[in-house]
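[1] pasting the sequence and the predicted coordinates here, then a few questions.
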Amino acid sequence: MADWTTISSLATAGGTLVLAVATFVSTRSANRAARVAERSLLAGLRPVLVQSRLEDRTEKIGFVDNVWLRVDGGGAAVEVTDEAIYLAMSLRNVGSGLGVLHGWDVRVEDLPSMPPPVPPDAFRRLTRDLYVPAGDIALWQGATRDHDDKVRAPLVELIEKRERFAVDLLYGDHEGGQRTITRFSINPRGDEGWFCTAVRHWNLDREDPR
């Protein structure tokens, strides 16, 4: 004679197991869809900065002490005075989101052996907000005015010898996330000018592709 109590318990257990499996699969699928949606959203906000094109317009850049530099497309500008070292670059945002610049750091080591960037809190902060629209060009500018700045003497020497140095830019999206460091090599162009080239990107708030 059939034990209907046992059969009923087994049927209930089987139904519960099927429901648990279905719930697990559904949850995994929902989580995967949420991750894909989040990555798509972040990709739509992500800035990626490189040098501007050679045919891009010339930018005129002013500093608070009434010093003005002109920067051609794909170029950089450098000026050394008794008061300060003035630096500027013409940038292009090849990402799909607005780029917000946070800070910068000058690197005077030999580029091939140059170490990774300094921690974000060691970057020099900008005195005003600078933005790089998606698919457009903009500028970066910085100046070091402290004569005791440890980078001043080696930087002046490199500039006078017209030798290469680098600038690391720290930036992110307009929501304050997706922080990235891009290293730009500043190289002499001809007898007087300079040009810049993006040589490496570091992701701070997400997995680095390397």
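    Sure thing, it's come through. Numbering: from 1, shown residues only.
[2] so how far is Asn93 from the residue nearest the centre of the chain?
    Geometric centre of the chain, nearest residue: Thr180, 2.9 Å, by CA atoms, centre = their mean. With distances taken as CB to CB, to the nearest Å, Thr180 is found 11 Å from Asn93. For the C-beta atoms, the positions are set from N, CA and C on the backbone; glycine is no exception.
[3] quick check: neighbours shared by those two?
    47-49 (CB atoms under 8 Å, 6 or more residues apart in numbering).
[4] just these now: which is nearest Ala166?
    Nearest to Ala166 among the shared contacts of Thr180 and Asn93, counting by CB to CB, is Leu49 at 14.2 Å.
[5] surely that closest one meets Val132?
    Yes: between Leu49 and Val132 there is a contact under CB atoms under 8 Å: 6.1 Å.
[6] anything in contact with each of the two?
    With CB under 8 Å, 6+ apart as the test, Leu49 and Val132 both reach 91-93, 99, 171.
[7] if burial is judged by neighbour count, which of those residues pass?
    Using 16 or more other CB atoms under 10 Å as the burial test, these include 91-93, 99, 171 as buried.
[8] Glu175 is in contact with Leu98, isn't it?
    No: Glu175 lies out of contact with Leu98 (CB under 8 Å); the separation is 9.5 Å.
[9] so where do the helices sit in the protein?
    Ranges of helices in the chain, per DSSP state H, are 4-45, 152-161.
[10] comparing those by mean pLDDT, which bottoms out?
    Across the helices of the chain, the stretch with the lowest average pLDDT is helix 4-45; it has a mean of 59.
[11] re earlier: now the shared contacts of Thr180 and Asn93 in a markdown table, with neighbour count and distance to Arg200?
    Output for these, formatted as a markdown table (neighbours: other CB atoms under 10 Å; distance: CB to CB, whole Å):
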| residue | neighbour count | distance to Arg200 |
| --- | --- | --- |
| Pro47 | 25 | 16 |
| Val48 | 19 | 12 |
| Leu49 | 23 | 12 |
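[12] returning to that earlier point: tell me which two in the shared contacts of Leu49 and Val132 are the farthest apart.
    Arg92 and Tyr171 (13.0 Å).
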